[in-house]
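K.L.:
Here's a sequence, model it:
(chains A and B)
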Amino acid sequence: MSSGGEEGGGLVLEMKGISKAYYGNRVLDGVDLSLGRGEIVALVGENGAGKSTLMNILFGMPAIRDTGGHEGEIRVGGRPVRIDSPRRALDLGIGMVHQEFMLLRTFTAAENVKLNREPLRPSLLSRALGAAGLGAGGAALATVDRAALREQARGALDRVGLSSLDELARVAGLPVAHQQLIEIAREVDKTGTKVLVLDEPTAVLAEGEARELLDVLRRLAGEGIGILFISHRLEEVLAVADRVVVLRDGQVVESKPARETSVEEVAERMVGRRIEMGERLGRPLAELRTTAPAPDAGDVHLSLRDLAVDMPGETLRGIDLDVRRGEVLGLAGLAGGGKVALANGLLGLHPGRAREATLWGRPLPLGSAAGCLARGIAFVSEDRRGTGLLLDASIARNITVAAMRARRRFLRLAALGPLALVDGAAERAWAREMIGRFDIRCTGPDQPVRRLSGGNQQKVCLARAFTLEPELLLVNEPTRGIDVGAKRTVLESIVERNRRDGTTIVMASSELAELRLVCDRIAVLADGRLAGVLAPDAPDLHFGLLMAGKPCPAQAAA
Amino acid sequence: MGDLRGRLGDAVAALGLPRILIFAFLVLTWLVAALATDLPLPGLLRDSIVRTGQNGVLVLALVPMVRAGSGLNFGLPLGIVCGLAGCVLAMERGLAGAPMLAVATLVSLPCAALAGLGYALLLERVRGQEMMVGIYVGFGAVALASVAWLVAPVTSPDLIWPVGGRGVRYLVAVDSAFAVSISVWRPAGIAALVAVWLGACALVALFSRTLAGASLDAAGQNERLALAAGIPVRRLRRLGVILSTVLAAFGIVIFTHGQGLLPLYKAPLLMALPAVAALLLGGATIARASVWNAVVGTFLFQALLASGLPVVNALVHQSAQSAALKDFPEVARLIVANGIILYALTRKG
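P.N.:
Prediction:
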C-alpha cells in the first residue's frame, strides 16, 4: 500500500502518529491523517484543537523545530520524508494557501502567479557570463520572457476559473475573492503540486464567492491534486469534502466520509464535553455558586443595539445584547466569531459603533476607556502581554495604574490634580493584599511582571480590574494559556466577585467547558453575529450548531 | 559581613557592570595622569565635574521623551535654539552673569514649550520614526536659527559683528554666572553649577513620582494598556516632548554659562549626539531611561572626555611627536560617542 505510488489513486500524503508538545503541554497526541489522490479532506476543530500545529508540522515551520520537533512519521507519495523547512515542503509538492494573502500587491496577477518561477530567455549578459564559464551567475542575469510568463499565467488562472480576469491587472485593486484564486493559481501552477492545503479559504468570501471557490476545488481534485481544507463553516465542509476529520484536544475524534455524517454530528464531536477539566475545576466553583446564590438578576445593566466592531480577525458585525444586573454572561464562539471584540469595541481599543448603547439606561458613548472606567466598567484584555501588562513595571504598579487615574486611589495631595504624588507605601500595601488574595507567586510587590508565569500575570491583570471596584467586569479569555491551578484561582475569583459583591460579569472565552461552569447564560457568536443565547446546561449539540452559525431549535429567552 | 557582600551585590546590580568597568577605567586614567604625565590631577577632576554640570541638563532633557515612549530626542537642537534665543535677548538687554541666566531661562521656557508643542504634533504623524524625524527637525531648527542670527537687529556691542552691520557675530563670549572667566573656577562656582544641575534632576525625578509622571510612564511602556486604563496617551506623549524641549532650552542656558561661549550658528547641529551617548552610557535604552541613568551617564561620559583625552594626548606626545597622531583624541571621542549610539540603536528596548 505504501509503495503503491500515486498512479493507482493511492495516498499522496500520510501522517502517522503525529505528536507534539510545547514546553510539556501536549497539543497533538498521536494524530493519523491521510489524503488520497484527488481527495478532498476537511479538517475541523475548535480553537486550540491542534489544527495549526498539525499544518505547521506539515510545512516544516521553524517554530516546530525550535521547540523540539515532533514525533510520528510523514509520507509523501508513499515515501517517508523529513520536512525540516517550508522550502522542503514546497519541493515535495505541498502547496499552501494562507489565511492572510501572501501576494505582492503592486505586482500584476501574472507576475504573482509566476513569482520566482519566471520563464527565462538568455540575455547578452547571461550568454557572456555563460561563455566565461560562469553559467550559474549567468542564469540570474537572464531576461524574463514576458510573453511566455503571460501565457503560462493565463493558463493557471483559467484553471482556477479566473478566465474573465485580465492577467495584467495589479493585485492591489482586485476583490478578495480574486486574490484568493490568484493565490491558488500560483500553488497549482507549481509543477508537481500534489497536496494543496487551504486554511480557512472562505472566511473572507461572500457566500456566492465561496461557492465558486468550492467548484474550483472540486475541479482541481478532479485533476488529481489532494486537497486539505480547513474551515469552520461546517455546511461548506460537508458540501465539498469527501471525508471529514475532526480534531479535539490534539486527537482525531472522528474520521468519516462526508456523506455519512451531518452538520449536527460534526458540531457535537467538535465541541465535546471535557469531563476531566470539569471535574478538576468544577467542585470548588459549584460550592461557591450554591453557597452564595445569584444576586437578583433583574434590571438591564448594559444594553447594546446593533454593536459593530472593526477588530481585525474578530469583526463584530452588529449584535443586540442585554446584560442583566448581577449575572455572569458568557460569550462563546469559534475564533473569528467576534466574542472578544465586544469589550474592545466598548472601550475603544478597536473602533466600534452602535445604534444604541446604554448603561443603567443612560447612553454610554463608545470608544472612551476613561468614560467606561468612570461609569464603573473594568476590562481584562485577551491580549495579556500586549494590552494587559506593563511588563517591566512592578506588580504593584501594574495593579494600581488604572485605579490611580480613574479612582484617584494611591495618591497623596490628590488636590494637586495631575501633580498629585503617588503614594508608594499605599500602593505596595494594596499590592501585598492582592498578592495574598489571588495567591500570586512572586518575590514581592516590587518584582517586574515580565518574570511571572502566565497564570500569575493573569492574576495581576484581574487584580488591576478588581482594584477599580467595578460594577460591570468585562473579561476576555481569562484562562487562555495558563495552568490548571491558576485557572481555578482565576475562575473562582470571578465567580466570587459576582456572588459576593454582585458585580455583573461578561466573560468571553474559547473554553466552552469553563463558561458552562461559571456562567448563568451563554451567548454564542458566529461570524460576528449573535447566533443565540443558551443556558449553561444546554446540550453540546446546540452549542455546536450555534457556533457553526446554524439555527438551533431550543434557545433560552435572550 | 554577608550582609555587606549582599549590599555590594545590590550596588553592582543597580549600577550595571559596564558602568563599573568604565568607572574603573576612569580611576586608572587618573592614576596614569598622576604617575606618568605632568598633568595636574586636581585640574582633571575639576574639569570632569565642571563638564558634567555643564552638560548634565542637556542629557536630562532626553529622559521625559524616552519615558513617554517617543525614543531618544535627536531633535534636541530645537530646544537648544530656543534657549539660545533667550540668551541673545537677555544679552541684548545688557544683562550678564546670574541675571542673564535667569532672564534667558524665563524668556526661553515659554518659547521652547510652544516649539515643543509643534514638534510633538509633528511626531504624532510619524509615530515609530520619531528618532529619524527628530534629527531633521534639529537640523531644520539650527538652519532657521542661523538665518535668524544673521538678520537679528541686535545692537549690544557684545553681540554685533566687530565691523558693524546686521546680525549676531559668530563667537559671543558669555559672562558666566558660575566661573570667574572661561578657565578660572572657584569651588563656590562649581558647587553652584552642580547644585543647579542636581536640582533640575530632582525636579524631573519628582515629576515621575506624580500621577502625571506615572501615567506618562505607563503610556510610554504600553500604549494599549494605557488606553485601556483610560490614560490620555496622546496628551501625555505630547507632554513628554514638550518637557524634553523645555529642558533642552534650560540645558543650553546652563551649558553656555559653563562653556563661556554661545554655541551659535552651526554649533548646536550635532549637540544631541553626545547627550544621547551619555544617557545610553548611563544604562538607558531607547525604551527606558531614568534620571539616575542621566546622572551616572553624564558623569562617566564627560569625565572620560575631560580626563581620558588629555591623558592620552600627553602620552602620545611624549612617545611620538607625529603630526598624524595629533588629532587622535578628537577622533577617539567621535568613535566612542558614535559607537555607543550605534550600539544602543541596534538593541531593542
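K.L.:
Around the closest residue to residue A:523 other than its chain neighbours, how many other residues sit close by?
P.N.:
Take residue A:523 and drop its neighbours on the chain: the residue closest to it by C-beta to C-beta, 6 or more residues apart in numbering or on different chains is residue A:533, 4.8 Å away. In short, each C-beta sits where N, CA and C put it, glycine included. For residue A:533, the number of neighbouring residues by other C-beta atoms under 10 Å in any protein chain shown comes to 19.
K.L.:
can you tell me if stretch B:220-228 touches chain A.
P.N.:
Yes. Judged by C-beta under 8 Å from any C-beta of the partner chain, stretch B:220-228 comes into contact with chain A through B:221, B:222, B:224, B:225, B:227, B:228.
K.L.:
Write a PyMOL command that selects only the buried members of these.
P.N.:
Command for PyMOL that selects the buried part of the residues of stretch B:220-228 next to chain A, burial taken from 16 or more other C-beta atoms under 10 Å in any protein chain shown:
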select buried, chain B and resi 221+222+225+227+228
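K.L.:
And the residues of stretch B:220-228 next to chain A, which is closest to residue A:230?
P.N.:
residue B:224 (29.7 Å; C-beta to C-beta).
K.L.:
Can you name the residues that contact the closest one?
P.N.:
A:349, A:381, A:383, A:386, A:387 (C-beta atoms under 8 Å, 6 or more residues apart in numbering or on different chains).
K.L.:
rewinding a little: same for the helix or strand where the residue nearest to residue A:523 lies, what does it pack against?
P.N.:
Here residue A:533, judged by DSSP states H and E, is contained in strand A:529-534. Strand A:529-534 is packed against strand A:316-324, strand A:521-526, helix A:540-547, with contacts defined by 3 or more C-beta pairs under 8 Å, 6 or more residues apart in numbering or on different chains; DSSP states H and E.
K.L.:
Please convert those to TSV, extending it with mean pLDDT and mean neighbour count.
P.N.:
TSV is the format used below for the helices and strands packed on strand A:529-534 (pLDDT from 0 to 100; neighbours: other C-beta atoms under 10 Å in any protein chain shown):
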stretch	mean pLDDT	mean neighbour count
strand A:316-324	92	19
strand A:521-526	92	26
helix A:540-547	87	23
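K.L.:
Count the neighbours of the residue in chain B positioned nearest to chain A for me.
P.N.:
Residue nearest to chain A within chain B (C-beta to the nearest C-beta): residue B:230, separated by 3.4 Å. Here the count is done by other C-beta under 10 Å, and residue B:230 has 22 residues near it.
K.L.:
which SS class is it?
P.N.:
Of the three states, residue B:230 takes coil under DSSP: H, G, I helix; E, B strand; the rest coil.
K.L.:
you'd agree it is up against residue A:402?
P.N.:
Yes. Contact criterion C-beta atoms under 8 Å: residue B:230 and residue A:402 qualify, at 6.8 Å.
K.L.:
okay, and the common contacts of those two?
P.N.:
residue A:373.
K.L.:
For residue 6, report the pLDDT, please.
P.N.:
Went with chain A since none was named. As predicted, residue A:6 sits at a pLDDT of 39.
K.L.:
Wait, chain B was what I had in mind.
P.N.:
pLDDT, read off for residue B:6, is 68.
K.L.:
Alpha carbons of stretch A:119-126, as PDB, please.
P.N.:
Output in PDB follows, covering the C-alpha atoms of stretch A:119-126 (Å, rounded to 0.1, in the frame of the first residue of the first chain):
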ATOM      1  CA  PRO A 119      10.200  31.700 -17.700                       C
ATOM      2  CA  LEU A 120      13.700  33.000 -18.800                       C
ATOM      3  CA  ARG A 121      15.400  33.800 -22.000                       C
ATOM      4  CA  PRO A 122      19.200  34.100 -22.200                       C
ATOM      5  CA  SER A 123      20.300  37.700 -22.400                       C
ATOM      6  CA  LEU A 124      23.500  39.200 -23.800                       C
ATOM      7  CA  LEU A 125      25.000  39.400 -20.300                       C
ATOM      8  CA  SER A 126      24.000  35.800 -19.200                       C
END
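K.L.:
How about residues contacting it?
P.N.:
Contacts of stretch A:119-126 (C-beta under 8 Å, 6+ apart): A:130, A:138, A:139, A:140, A:141, A:142, A:143, A:144, A:145, A:148, A:149, A:152.
K.L.:
Are any of those buried, and if so which?
P.N.:
Using 16+ other C-beta under 10 Å, the buried ones in these are A:130, A:138, A:141, A:142, A:149, A:152.
K.L.:
what about the first one, which SS state?
P.N.:
Under the three-state scheme (three-state DSSP), residue A:130 adopts helix.
K.L.:
Please tell me how far it sits from residue A:149.
P.N.:
Separation of residue A:130 from residue A:149 (C-beta to C-beta, to the nearest Å): 22 Å.
K.L.:
just to revisit the earlier point, which one of the contacts of stretch A:119-126 is nearest chain B?
P.N.:
residue A:140 (30.7 Å).
K.L.:
Not counting its neighbours along the chain, what's nearest the closest one?
P.N.:
In this structure, residue A:140 finds its nearest non-sequential neighbour in residue A:126, 7.8 Å apart by C-beta to C-beta, 6+ apart.
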